[in-house]
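**Student:** give me the fold of what follows.
(one chain, ligands or ions: 2)
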Amino acid sequence: MTSEVLNEVLKLVEPGVKTEDIDRFAEDLLRRKGGTPAFKGYHGYPKSVCISINEEVVHGIPGNRKLCDGDIVSLDFGVLLDGFYGDMAVTVPVGNVSESKKKLMEATQKALDVGIAQAVAGNRLGDISHAVEQYVLQEGFSVVRDYVGHGIGRQMHEDPQIPNFGIPNSGPLLKSGMVFAIEPMVNMGSYQVKTLSDGWTVVTKDGKPSAHFEHTIVITKDEPEVITCLKKI
Ligand code: MF3
Ligand code: CO
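**Tutor:** Numbers count the residues shown, from 1 in each chain. Ligands and ions are numbered 1, 2, ... in the order given. Got it, this is the predicted structure:
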């Protein structure tokens, strides 16, 4: 349901759209389908979607700002349904974006894929973290260190924390049935971030763009199962 709703929400992304209208559409559609927004009210977060534009890394609060041609926008969305949570994020272009922003988005999505590929029974948590970091560094970008992925299930944030950097063959052993939200946040410039005075919006310190992709996945003996896979309709 997380991906079903987000897939519909993505169709609204175009220059001139207000971020609070995207948020309202997402919440309405989700509630019509019987789900509950996971972020709304979480530690006082006021909205259902986190919408983070350009140098905003995560936790941007929807409001009366309009998307502009050339922006990149990250939509992060969490759902509670039948006692369980789903969590996912994507970064998409608004109109025509620069080649460097495109490269950043592509590298972040690929970093997530590379991390997911390591999420198999018998590997260790550090294998996921290391694979993401290595890929991002190889592409010439940096990984945010202050925010991490997480276990997910009956709570949105469960152990373990899943950093996007780490040491291979270290940390807890991965077992079938574990459910993780893996979510690289990748910066074009330095990895350093700060929080704005609204208490939520995390931005890059150097003002350069950032991208974020997240999937909820299940570890199995074979291929990881991506349960927030965007269905192509
Ligand atoms: N989307 C974040 C995560 O992936 C959590 C959002 S925090 C909230 O873990 F307060 F905005 F809900
Ligand atoms: Co998450």
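**Student:** model confidence for Glu99, exactly?
**Tutor:** According to the prediction, Glu99 has pLDDT 98.
**Student:** against Asp21, how distant is it?
**Tutor:** 29 Å (C-beta to C-beta, to the nearest Å). Bear in mind the C-beta positions are built from the backbone N, C-alpha and C, glycine included.
**Student:** more neighbours, those two?
**Tutor:** Neighbours were counted for Glu99 and for Asp21 using other C-beta atoms under 10 Å; Asp21 has more, 13 against 7.
**Student:** got the phi/psi numbers for the more buried one?
**Tutor:** The phi/psi pair for Asp21 (degrees, to the nearest 10) reads phi -70, psi -40.
**Student:** so it touches Glu14, yeah?
**Tutor:** No: in this structure, Asp21 is not within contact of Glu14 by C-beta atoms under 8 Å, at 11.3 Å.
**Student:** what does the chain have sitting close to ligand 1?
**Tutor:** For the chain, the residues in contact with ligand 1 (C-beta under 6 Å from any ligand atom) are 39, 42-43, 45, 50, 59, 76, 78, 87, 150, 181, 183, 214.
**Student:** number of nearby residues for Arg154?
**Tutor:** 9.
**Student:** what residues sit buried inside stretch 33-52?
**Tutor:** Residues of stretch 33-52 classed as buried under the neighbour-count rule (16 or more other C-beta atoms under 10 Å) are Gly35, Pro37, Ala38, Phe39, Lys40, Tyr45, Lys47, Ser48, Val49, Cys50, Ile51, Ser52.
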